[in-house]
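Engineer: After the sequence you'll find the predicted model.
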Amino acid sequence: MSGDPANTPAADRRGGAGPALHLSVHDLACRRSGRLVFAGLGFALGPGDALLVTGRNGAGKSTLLAILAGRLRAAAGRIALSGAGEATLPERLHWIAHRDGLKTALSARENLAFAAAMLGEERFAPHDALERVGLPHVVDMPVAYLSAGQRRRVALARLLVAHRPIWLLDEPTSALDAASQEMLYELMREHRAAGGIIIAATHLPLPLDGAQSLAIAAPQPGSQAQGAAAAPDWDDWEIGDVSRASAGRRGDP
Ligand SMILES: Nc1ncnc2c1ncn2[C@@H]1O[C@H](COP(=O)(O)OP(=O)(O)OP(=O)(O)O)[C@@H](O)[C@H]1O
């Protein structure tokens, strides 16, 4: 399939055949090891939108992404997803975390084939995705033999082997040289032009035109995470439907 947004059908530009996807977060709070990490976080994103999440080390940027990915439970708040049909939020997103999640004994191609099989909605073939991130020469090399920047690029190639309309990117430029950063910026531009949503946690400026900003600050002394985490329920919610509260899925490891 072509990666050129101009060749993408209108339904695909909205992230699928259904209605446009919207994601909103209201009054989100998180505790880790009993300590309140953040409280009162909120934002609303639609097709083509981007959110830059900033904050000092330990502010909770990765924690926010992990909650959205369904890996951590929020202490309070609501996450509303509409336009996803029967799909859950974790089923509609890619999460490129600090750890690359690659199997070191497998080749780059095998890692991407595995990811495509796991994620479904196949898009680029593994070889084509590796070509796109500038790594056609390492397709059959075990990931253990790759440099940090090459491994990061293989991880980023996962964005291309399966279609997911929401990208969660944690320090996406980490270990990338200048040319690879430009490649990533182009992928992000194409994704947004095709109606995708990007949430990026970063310490460095990223060229995401018109992006919203969310600066996570330390919670005020005495602030509370009100309410209990609800059971996960990722139905097709309407934004602002406050009667249907949700939080993440699992407790802190
Ligand atoms: N596995 C864990 N168990 C308990 N607490 C954790 C765990 N991992 C992180 N934390 C705590 O959660 C808080 C938020 O951490 P997080 O990694 O989300 O911060 P961050 O803003 O992404 O930081 P950085 O800029 O350093 O990447 C920190 O206080 C950290 O100590």
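Structural biologist: Arrived safely, thanks for sending.

Engineer: any chance you could map the helices in this protein?
Structural biologist: Per DSSP state H, the chain carries helices over the ranges 10-13, 61-68, 108-119, 126-132, 148-161, 178-193.

Engineer: of those, which approaches the ligand most closely?
Structural biologist: Across the helices of the chain, the ligand has its closest neighbour in helix 61-68 (3.3 Å, C-beta to the nearest ligand atom). For every residue, glycine as well, the C-beta is placed using N, CA and C.

Engineer: Please name every helix or strand in contact with that closest one.
Structural biologist: Packed against helix 61-68 by the contact rule (3 or more C-beta pairs under 8 Å, 6 or more residues apart in numbering; DSSP states H and E) you find strand 22-32, strand 35-45, strand 50-54, strand 93-96, strand 166-170, strand 197-201.

Engineer: Alongside the ligand, which residues does the stretch 1-150 of the chain contribute?
Structural biologist: Listed as neighbours of the ligand in the stretch 1-150 of the chain under the rule C-beta under 6 Å from any ligand atom: 32, 33, 37, 55, 57, 58, 59, 60, 61, 62, 63.

Engineer: so which of those is the most crowded?
Structural biologist: Highest neighbour count within these: residue 60, with 26 neighbours (other C-beta atoms under 10 Å).

Engineer: isn't it right up against residue 29?
Structural biologist: No: using C-beta atoms under 8 Å, residue 60 and residue 29 do not qualify as a contacting pair, with a distance of 9.8 Å.

Engineer: shared neighbours of the two, anything?
Structural biologist: The contact sets of residue 60 and residue 29 overlap at residue 38 (C-beta atoms under 8 Å, 6 or more residues apart in numbering).

Engineer: who wins for proximity to residue 140 among the helices of the chain?
Structural biologist: Proximity to residue 140 (C-beta to C-beta) singles out helix 108-119 among the helices of the chain, at 6.0 Å.

Engineer: From the contact counts, what lies against the closest one?
Structural biologist: Packing partners of helix 108-119 (3+ C-beta pairs under 8 Å, 6+ apart): helix 126-132, helix 148-161.

Engineer: Any chance of these in a markdown table with mean pLDDT and mean neighbour count as columns?
Structural biologist: As requested, the helices and strands packed on helix 108-119 are exported to a markdown table (pLDDT from 0 to 100; neighbours: other C-beta atoms under 10 Å):
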| stretch | mean pLDDT | mean neighbour count |
| --- | --- | --- |
| helix 126-132 | 97 | 21 |
| helix 148-161 | 97 | 22 |
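
Engineer: Nearest to the spatial middle of this structure, which residue is it?
Structural biologist: residue 168 (1.4 Å; C-alpha atoms, centre = their mean).

Engineer: quick one: contacts for it?
Structural biologist: Counting by C-beta under 8 Å, 6+ apart, residue 168 has contacts 65, 68, 69, 93, 94, 95, 96, 199, 200.

Engineer: Need the nearest residue in space to the fourth one, chain neighbours excluded.
Structural biologist: Nearest residue to residue 93 in three dimensions, chain neighbours excluded: residue 166, at 3.9 Å (C-beta to C-beta, 6 or more residues apart in numbering).

Engineer: ok so, going back, hmm, which two among the contacts of residue 168 are most spread apart?
Structural biologist: 69 and 200 (13.7 Å).

Engineer: For residue 76, name its beta-bridge partners.
Structural biologist: residue 29 (DSSP bridges).

Engineer: What's the local residue count around it?
Structural biologist: Using other C-beta under 10 Å, residue 76 has 21 neighbouring residues.

Engineer: Next one: it, what pLDDT does it get?
Structural biologist: Residue 76 carries a pLDDT value of 97.

Engineer: what do you get for the one 4 residues further on?
Structural biologist: What the model reports as pLDDT for residue 80 is 97.

Engineer: ditto for residue 121
Structural biologist: So residue 121 comes in at 84 (pLDDT).

Engineer: Repeat that for residue 221.
Structural biologist: Per-residue pLDDT puts residue 221 at 73.

Engineer: how near is it to residue 36?
Structural biologist: Going from residue 221 to residue 36 by C-beta to C-beta, to the nearest Å gives 10 Å.
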